[in-house]
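Enquirer: Task: produce atomic coordinates for the following.
(one chain, ligands or ions: 1)
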Amino acid sequence: MSGRLIIPVFIPHEGCPHRCLFCNQRTISGQAGQPVTAADVRAEIHTWLDRASSGKHEAQVAFYGGSFTALPRFRQEELLTAAAPFLASGQVRSLRLSTRPDCMNAEQAAFLTVHGVTTVELGVQSMNDKVLAAAARGHTAADTGQAVAVLRQAGLETGIQLLLGLPGDNRTSLRRTVERVIALRPDFVRIYPLLVLRGSGLATLFQQGEYTPFSLGKAVVLAAFMKERFERAGIRVVRMGLQAGSGLEASLLAGPWHPAFGELVSSRLMLRQTRKLLAKAATDNVALRISSRDQSVFRGMKSANIRRLEQLGLWRRVTLIADAEQARGTVQEVAAKQ
Ligand code: SF4
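Expert: Numbers count the residues shown, from 1 in each chain. Okay, here's the model as predicted:
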């Protein structure tokens, strides 16, 4: 196997009991029109498997963009059983889906495992009840705690999606959200800076001057803090920022959008590690080792990190070593030979 192949099947807004303040899944998925049918699901899986020279990947079908477990049971069954022949043949290894924290209980989790689901992502967004209420989420932080417990009990891999910059959120409440999520011990986290999308309730607030999105710089700083904290707690951060797509860019009204948001965050963290190492280095010349795949991340967008190190008078002290064996995202001081 050469890695995991995620086959996305978008079911925009299906099952959602109402529209959350910030959401416009049709824009994010670039998909409008009729709900997907079982035949659509099968066709999508075939397309992706053909394209990816099947057999080399561990394929997983992912139902994204709606509230899967809020769908009527017959509809859940229709979508899941469409993937069943691929599971039976071994072409697809497992299924994953995203849903709301208030739409999960032990019986529902058991139903999912029977149908080959191994991973569930919860749209948690925040662990602050006031922030959740202002975003018209319709669930509380306690619902998230309960959902994660149920998923763990059922042996399902559990992911948590968080938003950065919700109305009423600030550094303090965000830090609390991070600590409360860590206490839940999810398997992984995704971090999305909040964008103002046309057609969302947030767009109206923005146009009325009642919501100001984070600047890109602030979103990067806060996402860097979150990533560092989660990873220190042993929780993987599998994505930061929305994937670029024609629908998304066309609908973007405002907010900290960057097509390589995750790379901006990783660059910032590498700069921080470098400065820390240089600050405590005993000698003037310091050899630093990074992964050979991190060279552009280390330099930063348009070499911003190098320029910053130059401004601080630190870059002249650095001898950079690129090493394929070094872990991604890490900077390590290489001890001088005696
Ligand atoms: S955020 Fe999730 S629950 Fe809310 S409308 Fe969008 S897809 Fe539905």
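Enquirer: quick one: Met127 from the ligand, how far?
Expert: Distance of Met127 to the ligand, computed by C-beta to the nearest ligand atom, to the nearest Å: 16 Å. C-beta: built from backbone N, CA, C; applies to glycine.
Enquirer: let me redo that: Arg137
Expert: To the ligand, Arg137 is 7 Å away according to C-beta to the nearest ligand atom.
Enquirer: Repeat that for Gly199.
Expert: Distance of Gly199 to the ligand, given as C-beta to the nearest ligand atom: 12 Å.
Enquirer: do Glu14 as well
Expert: To the ligand, Glu14 is 9 Å away according to C-beta to the nearest ligand atom.
Enquirer: for Thr47, same thing?
Expert: Going from Thr47 to the ligand by C-beta to the nearest ligand atom gives 24 Å.
Enquirer: so that residue is in which element?
Expert: Taking DSSP states H and E as the criterion, Thr47 maps to helix 38-51.
Enquirer: avg pLDDT for the helix or strand following that helix?
Expert: Later in the chain than helix 38-51, the nearest helix or strand by DSSP H and E is strand 58-64. In this model, strand 58-64 carries a mean pLDDT of 94.
Enquirer: Can you name every helix or strand that the following helix or strand past strand 58-64 contacts?
Expert: Counting by DSSP H and E, the next helix or strand C-terminal to strand 58-64 is helix 73-82. Helix 73-82 is packed against helix 38-51, helix 106-114, with contacts defined by 3 or more C-beta pairs under 8 Å, 6 or more residues apart in numbering; DSSP states H and E.
Enquirer: average pLDDT across the longest one?
Expert: What that stands for is helix 38-51. For helix 38-51, mean pLDDT is 94.
Enquirer: okay, now the domains of the protein?
Expert: Each domain of the chain is listed here as a residue range: 4-259, 278-334, per automatic domain parsing.
Enquirer: starting at the chain centroid, how far to the shortest one?
Expert: Relative to its parent chain, domain 278-334 has a centroid offset of 27 Å by C-alpha atoms, centre = their mean, to the nearest Å.
Enquirer: How about the longest one?
Expert: Averaging C-alpha positions (C-alpha atoms, centre = their mean) puts domain 4-259 8 Å from its chain's average.
Enquirer: Now the residue in the stretch 101-250 of the chain that the ligand sits nearest to. Nearest residue, chain neighbours left out?
Expert: Among the residues of the stretch 101-250 of the chain, Gly123 lies closest to the ligand, at 4.7 Å counting by C-beta to the nearest ligand atom. Nearest in space to Gly123, with sequence neighbours left out and distances taken as C-beta to C-beta, 6 or more residues apart in numbering, is Gln161 at 5.1 Å.
Enquirer: With mean neighbour count added, can I get the helices and strands packed on helix 73-82 in CSV?
Expert: Output for the helices and strands packed on helix 73-82, formatted as CSV (neighbours: other C-beta atoms under 10 Å):
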stretch, mean neighbour count
helix 38-51, 15
helix 106-114, 16
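Enquirer: Can I get those helices in JSON lines including distance to Gln91?
Expert: Output for the helices and strands packed on helix 73-82, formatted as JSON lines (distance: least, C-beta to C-beta, whole Å):
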{"stretch": "helix 38-51", "distance to Gln91": "6"}
{"stretch": "helix 106-114", "distance to Gln91": "20"}
